[in-house]
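Asks: Could you look at this predicted model? Sequence included:
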Amino acid sequence: MFNIHREEIDWGGRKLVLETGRAARQADGAVLATYGDTTVLAAVVAAKEPKPGIDFLPLTVNYQEKFYAAGRIPGGYFKRERGPTERDTLISRLIDRPIRPLFADGWRCDTQITINVLSHDLENDPDVVAMVAASAALTLSGAPFQGPIGAARVGFINNEYVLNPQIDEMKESSLELVVAGTADAVLMVESEAKELPEEVMLGSVMFGHRHFQPVIDMIIRLAEKAAKEPRELKLIDNSAIEKKIASLVESDLRAAYSIREKQQRHKAVDAAKVKVKEAFTLAEDDKDAPAITRVMGVFKELEARVVRNSILDTGKRIDGRDGKTVRPIVAEVGVLPRTHGSALFTRGETQAMCVATLGTGEDEQFIDALTGTYKERFLLHYNFPHFSVGETGRTGAPGRREIGHGKLAWRSIHPILPAAHEFPYTLRIVSEIWESNGSSSMATVCGASLALMDAGVPLRRPVAGIAMGLILEGKKFAVLSDILGDEDHLGDMDFKVAGTDTGITALQMDIKIAGITEEIMKVALTQAKDGRLHILGEMAKALTTARPELGEHAPRIEVIQIPVDKIREVIGTGGKVIREIVEKTGAKINVEDNGTVKVASSNGEAIKAAMNWIKTIVSEPEVGTIYDGTVVKVVDFGAFVNFFGPKDGLVHISHLAPRRVNKTSDVVKEGDKVKVKLLGFDDRGKVKLSMKAVDQQTGEDLEAKQKTEGEPAGAAE
């Protein structure tokens, strides 16, 4: 019934198994990949006919983690997986990026890759397993995929590279890097690092590339047994269209790309497009006339050729810069009056408004994941409205691009944040892109760093980011610093590097061609470092370090540690005590399981009152100490005073005043605020207090004063 084919290797100390023929047999290609006890299914289906009227590759990658894989039921009200989580989206992008450049030119059939995590051993992250499974399924499917690709995770622990470190090992690693590529070249890198030097980052990429070669080999062996016949791809001869378009608008395009201002340049390019469309629309009645989408695809190829050759031949870019120059930068901080921290970062025609907000433990985000529910104290949200590029469009939930750009900026900033015990705030950055012409994600990194410092967050060092581009024709290449949007669109590489003046905190690379060499990556990293240091210098003109004080509108947080066995007393039955403290003081209180208590308010007096209240609950009163108290009951023989949290004590009538008192009510009544000294405890443990031992106006200890004054001269020396 089943025609099962299977390959396995030992990889990074665990067994990697690829199997096909048992699951999802109606898909064009389906592979079960198992690494350790983590199992992933990848299934590929490609439409039988090309999608009409498009000039792009219609590829969709959908990755989803099923909670049953880890023996869990989804949290919250809905007990069914409800569409992609942020992590699902990020991993879908991670898989898409290295495989997209490897489809044959002209492939226009809808292609869908579905990846489900079926089993998770809580040791081996399923993302790399999913990339391997997707690569294998595509290679078997018969689609014109020029792979396979391999992928690996690389850690850096005790100054050594580690292949596919397990989840618990990553806590000790100063690097988390995922790399993917073919047998010959690297196609994709995604990473977060703790300020590592360029040499270490480059070494990690090449380490990963070397160590995923056995994976590529096993996919090839599996394909030799089980791959479908290659799908026929009809190549269309566009030489006549190319010649006609070139004669019509090549000179117009050269003139357009000599215009430095983006809007004017796009206006000139649009005029050339109109000229081409009109020329080919005249032939609409001709049944042999090419479709307009095909014509515009050829127009794009000519556009790219004009720009690329100009850069390689002249060394000058679209806006007149050489390959290494960064566009003019203006960095401003404190631009919004009521926010906790804000920064407006402008680089050329790219502008990011970044706003920092400080919150308490109540503001942490709960994340439901296969590995369990955890809380995240650093949030970074990136928004890209259509007006930033002078266009209209539908506004809705953030798309894959927004989520991906936000996560890249998050990775760039995360390694240099203060530890929670040093700065116990929840941190949120929102990046509003107001203008875009090249790498708004790196502008977000710069703006976020400045906004956090403006809010008083003690970052270890400022962080800056830069986007690098590549033009590669044969053996000739040019690496471009701080790329424009057009250079990104028409170039071969998007290489983003973020970090401090000490080292790299994030590196992301996407290649639109069949891969790049170690030499090109080395040039790009060196050039990126120079650019990053220049940007940090420009940012320093606005702010060099965190402000010494939080903004006036930011909450203050004080932290105390209480005994774990006292937590119940602070919270009270059903939360009664902690609610009362919050209601009466106005402070926010967060109590953690380890006894850490965070008290927050923008009002210092509220924090002080709440802290004192909590201390009285968890501490014991000290004999000889003077306390502020409230009379709660008056009786014939004295008054009961609440003086230490919920604790009351008796002031005997003989201790109400430094004179004889006939009636308690002659001195105090219920509700009076008084000062009392703790004298001690009687045989039954009852508290004994004194008012006459304390000056009720100043709080001075009269008993101690009398003892000192009554001593012989010199006794106090």
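Replies: Perfect, thanks for sending it. Numbers count the residues shown, from 1 in each chain.

Asks: pLDDT weak spots in the stretch 51-200 of the chain?
Replies: Judged by pLDDT under 70, the stretch 51-200 of the chain has no weakly predicted residues.

Asks: May I have the phi/psi pair for the residue nearest to Gly359 when sequence neighbours are not counted?
Replies: Spatial nearest neighbour of Gly359, excluding adjacent residues (C-beta to C-beta, 6 or more residues apart in numbering): Thr426 at 3.9 Å. C-beta: built from backbone N, CA, C; applies to glycine. Backbone torsions of Thr426, given as degrees, to the nearest 10, read phi -80, psi 130.

Asks: can you pull the contacts of Thr426?
Replies: 358-361, 363-364, 377-379 (C-beta atoms under 8 Å, 6 or more residues apart in numbering).

Asks: Mind putting those into JSON lines with distance to Met611?
Replies: Below are these laid out as JSON lines (distance: C-beta to C-beta, whole Å):
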{"residue": "Leu358", "distance to Met611": "19"}
{"residue": "Gly359", "distance to Met611": "19"}
{"residue": "Thr360", "distance to Met611": "14"}
{"residue": "Gly361", "distance to Met611": "16"}
{"residue": "Asp363", "distance to Met611": "20"}
{"residue": "Glu364", "distance to Met611": "21"}
{"residue": "Arg377", "distance to Met611": "22"}
{"residue": "Phe378", "distance to Met611": "26"}
{"residue": "Leu379", "distance to Met611": "27"}
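
Asks: rewinding a little: check the residue nearest to Gly359 and give its pLDDT.
Replies: According to the prediction, Thr426 has pLDDT 94.

Asks: which one of the contacts of Thr426 has the most neighbours?
Replies: The most crowded member of these, judged by other C-beta atoms under 10 Å, is Leu358 (25 neighbours).

Asks: Tell me the helix or strand right after the helix or strand where it lies.
Replies: Using DSSP states H and E, Leu358 falls within strand 350-359. Using DSSP H and E, the helix or strand that directly follows strand 350-359 along the chain is strand 365-369.

Asks: Could you list the low-confidence segments of the stretch 251-400 of the chain?
Replies: 282-290.

Asks: distance of Gly348 from Ile466?
Replies: 12 Å (C-beta to C-beta, to the nearest Å).

Asks: Ok, Lys277 next?
Replies: In terms of C-beta to C-beta, Lys277 sits 37 Å off from Ile466.

Asks: what about Ala134, neighbour count?
Replies: Using other C-beta under 10 Å, Ala134 is surrounded by 30 other residues.

Asks: And for Ile513?
Replies: Using other C-beta under 10 Å, Ile513 has 14 neighbouring residues.

Asks: what about it, which SS state?
Replies: coil (DSSP: H, G, I helix; E, B strand; the rest coil).

Asks: Next one, pLDDT for Ile241 please.
Replies: So, for Ile241, pLDDT stands at 85.

Asks: Give me the distance from the host helix or strand of Gly465 to the chain's centre.
Replies: Per DSSP H and E, Gly465 falls inside strand 464-473. Relative to the chain's own centre, strand 464-473 is displaced by 22 Å; criterion: C-alpha atoms, centre = their mean, to the nearest Å.

Asks: I'd like to know the average pLDDT value across the next helix or strand after it.
Replies: Counting by DSSP H and E, the next helix or strand C-terminal to strand 464-473 is strand 476-481. On average, the pLDDT along strand 476-481 is 88.

Asks: just to revisit the earlier point, mind checking which of Lys277 and Ile466 has more residues around it?
Replies: Ile466 (28 against 14).

Asks: How about that one: what's its closest non-neighbour residue?
Replies: Nearest residue to Ile466 in three dimensions, chain neighbours excluded: Gly531, at 4.3 Å (C-beta to C-beta, 6+ apart).

Asks: hang on, isn't the one you found packed against Arg321?
Replies: No: when contacts are counted by C-beta atoms under 8 Å, Gly531 is not listed as touching Arg321 (11.6 Å).

Asks: more neighbours, the two?
Replies: Neighbour count, other C-beta under 10 Å: between Gly531 and Arg321, Gly531 has more, with 22 against 18.

Asks: Ala498 should be in a helix, yeah?
Replies: No: if the criterion is three-state DSSP, then Ala498 is strand and not within a helix.

Asks: Quick one: neighbours of Leu408, just the number.
Replies: Other residues close to Leu408 by other C-beta under 10 Å number 25.

Asks: which residues sit in contact with Leu302?
Replies: The contact partners of Leu302, by C-beta under 8 Å, 6+ apart, come to 242, 245-246, 249-250, 253.

Asks: quick one: it and Ser439, what's the gap?
Replies: In this structure, Leu302 and Ser439 are 26 Å apart, going by C-beta to C-beta.

Asks: cool, and Asp565?
Replies: 54 Å.

Asks: Over to Thr664?
Replies: Distance from Thr664 to Ser439, by C-beta to C-beta: 77 Å.

Asks: cool, and Glu261?
Replies: 18 Å.
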